[in-house]
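Engineer: any chance you could fold what I've pasted below:
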Amino acid sequence: MTEYALVPDNLAKKFRRGYYAAVSQTDHNFGILLDALDAFGLNSTTIVAFVGDHGWQLGDLGEFGKKTNFERATRAPFIIRDPRHKVPAGRSSALIEFVDLMPTLIDLAGFTVPTTCPEDSRLVALCVEGASLSPVLHNPNQTEDWKAAAFMQYAHCMVCPARTTLSLCYSTSATQSPHSHVSRSTRAHSRTLTYIPR
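Structural biologist: Residues are numbered from 1 along each chain as shown. Below you'll find the predicted structure:
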């Protein structure tokens, strides 16, 4: 089966079964971790973050996996539990990005969040690209417009350099980089752009 071929029904069932088994095992292991925090008396003083690096398509639009900028592949688990916050557990519709994780943990730990990175971040010792999610954690239902947009990027070609098909990822010049797809999501719409570096 080639990389972008349609998946036969029997194989699609195996993919889905494997995905749900992985989710169940992850849930079980995360429960073990939370139980251990409780057993050692650390439950009330430990901030816990659970993130996944991407979403996953299980046949949506004929796709299996993560290799697109469709919304299903770009939405990912992002859960933070701060035992000091008395807001009931729930969901927020605020747009967030993984770059928000570091400033959030720094802020929740009581430290000063570094400033936003300048255009040339080599000029500073430490900076952040995201923002602390503390306002979202305090008011999950009041923060729909907390961030105007979220950006996702997926490299068009992700093949091993040893494979001969790598040449398909490059333009006519061997020195140019493979192109990428960049998505911008807002509440109103999503848009995918193709970016080809010079």
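Engineer: helices of the chain, start to end?
Structural biologist: Taking DSSP state H as the test, the helices found in the chain are 9-39, 71-74, 101-108, 134-138.
Engineer: give me the buried positions along the shortest one.
Structural biologist: Of the residues in helix 71-74, those buried under the neighbour-count criterion (16 or more other Cβ atoms under 10 Å) are A73, T74. C-beta here means a position set from N, CA and C on the backbone, and glycine is covered the same way.
Engineer: how about CSV for the helices of the chain, with mean pLDDT and distance to P118 added?
Structural biologist: Compiled in CSV, the helices of the chain are given as follows (pLDDT from 0 to 100; distance: least, Cβ to Cβ, whole Å):
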stretch, mean pLDDT, distance to P118
helix 9-39, 94, 37
helix 71-74, 79, 27
helix 101-108, 95, 16
helix 134-138, 87, 23
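Engineer: pipe those helices into a markdown table and attach distance to E63 per row.
Structural biologist: Below are the helices of the chain laid out as a markdown table (distance: least, Cβ to Cβ, whole Å):
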| stretch | distance to E63 |
| --- | --- |
| helix 9-39 | 11 |
| helix 71-74 | 7 |
| helix 101-108 | 27 |
| helix 134-138 | 30 |
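Engineer: out of those helices, which gets nearest to P114?
Structural biologist: Minimum separation from P114 across these (Cβ to Cβ) falls at helix 101-108, 7.5 Å.
Engineer: pLDDT wise, what is the closest residue to T74 other than its chain neighbours at?
Structural biologist: Nearest residue to T74 in three dimensions, chain neighbours excluded: M152, at 4.3 Å (Cβ to Cβ, 6 or more residues apart in numbering). For M152, the pLDDT comes out at 76.
Engineer: distance of M152 from M102?
Structural biologist: With distances taken as Cβ to Cβ, to the nearest Å, M152 is found 18 Å from M102.
Engineer: M102: what's it in contact with?
Structural biologist: The contact partners of M102, taken as Cβ atoms under 8 Å, 6 or more residues apart in numbering, are V128, G130.
Engineer: actually F50, sorry about that
Structural biologist: Taking Cβ under 8 Å, 6+ apart, we find F50 in contact with F30, P77, F78, I79, I80.
Engineer: report the residue spans of this protein with pLDDT below the cut-off.
Structural biologist: Low-confidence segments of the chain, defined by pLDDT under 70: 1-5, 144, 154-198.
Engineer: ranges for the strands of it?
Structural biologist: Taking DSSP state E as the test, the strands found in the chain are 48-51, 57-58, 64-65, 78-81, 150-155, 180-185, 190-195.
Engineer: count the neighbours of A76 for me.
Structural biologist: A76 has 16 neighbours, counted by other Cβ atoms under 10 Å.
Engineer: same question but for L58, I mixed them up
Structural biologist: Residues lying near L58 (other Cβ under 10 Å) number 14.
Engineer: quick check: it touching A22?
Structural biologist: No - with contact taken as Cβ atoms under 8 Å, L58 and A22 are classed as non-touching, separated by 11.7 Å.
Engineer: mind listing the residues bridging to the residue nearest to T74?
Structural biologist: Beta-bridge pairing of M152 under DSSP bridges involves S183.
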